[in-house]
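Peer 1: my questions are about this predicted structure, shown below with the sequence.
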Amino acid sequence: MLREPANQVSTKAPVLWAAGATFQALWVPVILVLALVFDWFDVPLWLWPLYAVLAVAYIVAMPMVRYRIHRWESTDTAVYTQTGWLSRERRIAPMSRVQTVDFEQSAIGRVLGLASVTVTTASAAGPLVISMIDKPVADRLVDDLTRRTEAEAGDAT
Amino acid sequence: MSQPPVPGPAAGLPPGLPPGVEPFPWRRLDPRMLLVHPVLELLKFLPVLVGIFVLGSSGGGGYWQLIGVGIPVALGVVRFLTTTYRITPEQIELQRGLIGRKVLTARLDRVRAVEVTSSPIHRILGLAKVEIGTASGAKDDDDKFALDGLPLEQARQMRVALLHRTDPRPSSDAVAGATGSDDVPDEDLVLLEFDRRWVRYAPLTSSGNVIAAGVMAVLGQFSQNIGERLFDEVDAFSWIKDRPLGTVIPIAVVSLLVVFLVLGGLFSVLGYLITNWGFTLLRDARGRTFHVRRGLLTTTETSLERERVRGLEVVEPLGLRLVGAARLAAIVTGVKASESGSAQLVPPAPREVIDATGAAVIDVAEPLRLPLVQHGPAARRRRYTRALLGAAAPPAVAVVLALATPADWWVVLPTLALFPIALLLARDRYRRLGHALSDAYLVVRSGSLRGRRDLLQRSGIIGWNLHQSWFQRRAGLVTLVATTAAGRQAYAAHDIPEGLAVHLADEAVPGLITQFLA
């Protein structure tokens, strides 16, 4: 059996995921309130508590599950990532076939000190994205990857 | 390379040139092109010309007509006079334009593909257009490296010169049929020749149905008009006018279906003939390049470097499979993703032809015939659940309709026919699901209606994706995807038991995932 990658993402990641989920979950109540105000359609009373329960469950459970699943690992010869929530995607690329290593930090990421590293191969199918890792970890990872891929010869196709 | 008129680097530096003379002179296109361009330009100007002649005959201005014909001819002459090209040992250059001068340069070692096309006009004049695909540069239409109008023989020699400039390599990878010696003129080896009996497979592909659907949609636009006239004025449908709706609808559906099938068959045969007539697959004597020649009206010759071939795709949709046919494409790698893709090697043809040609292209027959490992009971259950769930949707809708609207209960009946179809489909889908590993190839097969069998070179695999949906995780299955720089970029083995998938990935590319095994 394939084991999980060794490293977890930053402990701040679940907080960010929960924040994102809250933002998503707010759309439905906004539309419902608008529907009430402008009298588009009737909103049954039982819908409110039902939606609240589902939304809270999603906002609490999803980041916890996701935090357990999102993992990554980089060895001398390969990069290995695992992402997902309900589904699970594992990607493995040999170091000798790595073409580019991209470092990226969003505006929120800069505030929280988070970054993401994207590793691509010559295939258009699926770059390996290691997101929501602490900036120092990301810096070290990029250095490692650059050094290791430089050591490999060939055109990586 | 003994042919004297080859404008290639093999011609070398002509000795004893007086100083100041270009060693690699600029050449013009074939003067016969003067006939092609005006005709093409005339075709482009056709709407204008029609206008001119119509106006001319009614208005009586005689000179206008002459100008109308003269402009395109003049444009053609100008284009011929201002377009020149030359090949130096390092690069090929193309110069054009009267006022805005433009020089396109391509390094010879970056030439990836050479395509030789001849439209019907070209063919009458014995000409061809040479298009050169390079590993760099814009894909802008204006920047396309095209020499429109060389004698066909010269175009072919140029292709050889461009693709094989790195020549005096000992042909160790040249296979059976190679002449070996340089003294013997190189003979291309014919791997496949078109057999006109293959046309019978054309209606079984879906291409014609698309056109037929388009034609019927267009007809539909006029149908109301035509229909009303037939109904009221001609009275063609008097026999059906007074029938109840329950008999009219089936008659209408059946006749529409018949028209659709007949049109679809007709168009697919036509399309098959136009694109595949004279389909020939050649390998040059040293086994470095494949050439595909095809076309009824416009002939195309595409070249494919052998070292870019990473595998084969046997495409076997249900229709073709039922009569023991398939088509074959090569999995091709490019420097950029936009250049890689699949190159058709055999049009729809009998399975034996596919296997033989495929074996000749990759030099081994084994991966094409290898018995496949099936994916087990969990994968089988998944095929049936998915098919039955899909088939259950229309009856459910019909039941709701019957309950909620005054529609009769009989609307549910025809939807029930979906269940046996779904069962057959699930059975076939499971039977087709499989994978195998040969010395050099990973073989994956899946799909029923759009069935396919992909053979991917193990050395061409540049990574693995293991995808599991929530349902797959519960069933202990995984979709194993081999990523590659060629063809579709990803080739999947669907719904393999987890352990088997990991074992397969570990065996196909030794040493990569071993370190992550628990």
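Peer 2: Sure thing, it's come through.

Peer 1: grab the nearest non-local neighbour of residue A:122.
Peer 2: residue B:485 (3.6 Å; C-beta to C-beta, 6 or more residues apart in numbering or on different chains). C-betas here are computed from N, CA, C, even on glycine.

Peer 1: give me the distance between that neighbour and residue B:150.
Peer 2: Between residue B:485 and residue B:150 the computed distance is 33 Å (C-beta to C-beta, to the nearest Å).

Peer 1: can you pull out the low-pLDDT segments for chain A?
Peer 2: The model of chain A has pLDDT under 70 over residues A:153-157.

Peer 1: get me the contact residues on chain A for chain B.
Peer 2: Proximity of chain A to chain B, by C-beta under 8 Å from any C-beta of the partner chain, involves residues A:1-3, A:5, A:73, A:75, A:77-78, A:80, A:84, A:86-94, A:97, A:121-126, A:156-157.

Peer 1: quickly list the domain ranges of chain A.
Peer 2: Domain ranges of chain A: A:13-66, A:70-151, per automatic domain parsing.

Peer 1: would you reformat these as a markdown table and include distance to residue B:99?
Peer 2: Putting the domains of chain A into a markdown table (distance: least, C-beta to C-beta, whole Å) gives the following:
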| stretch | distance to residue B:99 |
| --- | --- |
| domain A:13-66 | 57 |
| domain A:70-151 | 41 |
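
Peer 1: for residue B:346, which residues are in contact?
Peer 2: Counting by C-beta atoms under 8 Å, 6 or more residues apart in numbering or on different chains, residue B:346 makes contact with B:192, B:279, B:281, B:327-328, B:353-354, B:357-358.

Peer 1: residue A:11 belongs to a strand?
Peer 2: No. Read with DSSP: H, G, I helix; E, B strand; the rest coil, residue A:11 is coil and lies in no strand.

Peer 1: so how far is residue B:248 from it?
Peer 2: According to C-beta to C-beta, residue A:11 stands 70 Å off from residue B:248.

Peer 1: look up phi and psi at the residue nearest to residue A:122.
Peer 2: Per-residue torsions, residue B:485: phi -90, psi 0 (degrees, to the nearest 10).

Peer 1: correct me, but residue B:456 touches residue B:310?
Peer 2: Yes. With contact defined as C-beta atoms under 8 Å, residue B:456 reaches residue B:310; the gap is 6.5 Å.

Peer 1: phi, psi of residue B:126?
Peer 2: phi 70, psi 30.

Peer 1: who has more neighbours out of residue B:456 and residue B:310?
Peer 2: Using other C-beta atoms under 10 Å in any protein chain shown as the criterion, residue B:456 and residue B:310 rank with residue B:456 on top: 27 against 23.

Peer 1: for that one, helix, strand, or coil?
Peer 2: strand.

Peer 1: within the helices and strands, which one has residue B:106?
Peer 2: Following DSSP states H and E, one finds residue B:106 within strand B:102-107.

Peer 1: partner strands of that strand and their direction?
Peer 2: Strand pairing for strand B:102-107, using DSSP bridges, gives strand B:91-96 (antiparallel).

Peer 1: the stretch 1-150 of chain B: helices as residue ranges?
Peer 2: For the stretch 1-150 of chain B, applying DSSP state H, counting those that start in this stretch gives helices covering B:33-44, B:46-59, B:62-82, B:120-125.

Peer 1: and for chain A?
Peer 2: According to DSSP state H, chain A carries its helices in the segments A:13-25, A:27-38, A:47-69, A:107-112, A:135-151.

Peer 1: who touches the nearest residue to residue B:397 once chain neighbours are set aside in this structure?
Peer 2: Distance criterion C-beta to C-beta, 6+ apart; nearest residue to residue B:397, sequence neighbours excluded, is residue B:415 at 7.8 Å. If you count contacts by C-beta under 8 Å, 6+ apart, residue B:415 has them with B:394-395, B:397-398.

Peer 1: give the buried residues for the helix or strand where residue B:415 lies.
Peer 2: Here residue B:415 sits within helix B:412-416, counting by DSSP H and E. Buried positions in helix B:412-416, judged by neighbour count with 16 or more other C-beta atoms under 10 Å in any protein chain shown: B:412, B:415.

Peer 1: repeat for stretch A:122-140
Peer 2: By neighbour count on 16+ other C-beta under 10 Å, the buried set for stretch A:122-140 is A:122-135, A:137-138.

Peer 1: ok, back up a step: now for residue B:456 and residue B:310: what residues contact both?
Peer 2: Taking C-beta under 8 Å, 6+ apart as the contact rule, residue B:456 and residue B:310 both touch B:331, B:484, B:487.

Peer 1: now, which of those residues lie within strands?
Peer 2: Using DSSP state E, the members of the shared contacts of residue B:456 and residue B:310 that fall in strands are B:331, B:484.

Peer 1: the shared contacts of residue B:456 and residue B:310: which ones sit near chain A?
Peer 2: residue B:484.

Peer 1: now do the contacts for the residue positioned nearest the centre of chain A.
Peer 2: The centre of chain A sits closest to residue A:131, judged by C-alpha atoms, centre = their mean, with a distance of 5.1 Å. The contact partners of residue A:131, by C-beta under 8 Å, 6+ apart, come to A:9, A:70, A:116.

Peer 1: and those residues as JSON lines, adding neighbour count and distance to residue B:187?
Peer 2: Shown next, in JSON lines, are these (neighbours: other C-beta atoms under 10 Å in any protein chain shown; distance: C-beta to C-beta, whole Å):
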{"residue": "A:9", "neighbour count": "24", "distance to residue B:187": "61"}
{"residue": "A:70", "neighbour count": "24", "distance to residue B:187": "59"}
{"residue": "A:116", "neighbour count": "17", "distance to residue B:187": "56"}
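
Peer 1: wait, the residue nearest to residue A:122 sits on residue A:123?
Peer 2: Yes. Counting by C-beta under 8 Å, residue B:485 touches residue A:123, with 5.3 Å between them.

Peer 1: look up how far residue A:132 lies from the closest residue to residue A:59 other than its chain neighbours.
Peer 2: In space, and not counting its chain neighbours, residue A:59 is closest to residue A:21: 4.6 Å by C-beta to C-beta, 6+ apart. Residue A:21 sits 14 Å away from residue A:132, going by C-beta to C-beta.

Peer 1: what of residue B:368?
Peer 2: Applying C-beta to C-beta, the value for residue B:368 to residue A:132 is 46 Å.

Peer 1: please apply the same query to residue B:102.
Peer 2: Counting by C-beta to C-beta, the gap from residue B:102 to residue A:132 is 49 Å.

Peer 1: give the contact list for residue B:273.
Peer 2: Counting by C-beta under 8 Å, 6+ apart, residue B:273 makes contact with B:199, B:202, B:296.

Peer 1: which of those residues has the most neighbours?
Peer 2: For the contacts of residue B:273, neighbours tallied by other C-beta under 10 Å; top is residue B:202, 22 neighbours.

Peer 1: do you know how far the closest residue to that residue other than its chain neighbours is from chain A?
Peer 2: Spatial nearest neighbour of residue B:202, chain neighbours left out: residue B:272 (3.6 Å); criterion: C-beta to C-beta, 6+ apart. As judged by C-beta to the nearest C-beta, to the nearest Å, residue B:272 and chain A stand 30 Å apart.

Peer 1: ok, residue B:272 - how many residues close by?
Peer 2: Neighbour tally, residue B:272, other C-beta under 10 Å: 23.

Peer 1: need the contact list for it.
Peer 2: B:198-199, B:201-202, B:205, B:207, B:347-348.

Peer 1: in strands, which of the contacts of residue B:346 fall?
Peer 2: Those of the contacts of residue B:346 mapping onto strands are B:192, B:281, B:327-328, per DSSP E.

Peer 1: which of the residues you listed has the most neighbours?
Peer 2: Per-residue neighbour counts (other C-beta under 10 Å) across those peak at residue B:328, which has 27 neighbours.

Peer 1: okay, now the domains of chain B?
Peer 2: If you go by automatic domain parsing, chain B breaks into B:9-13+B:23-167, B:185-363, B:377-428.
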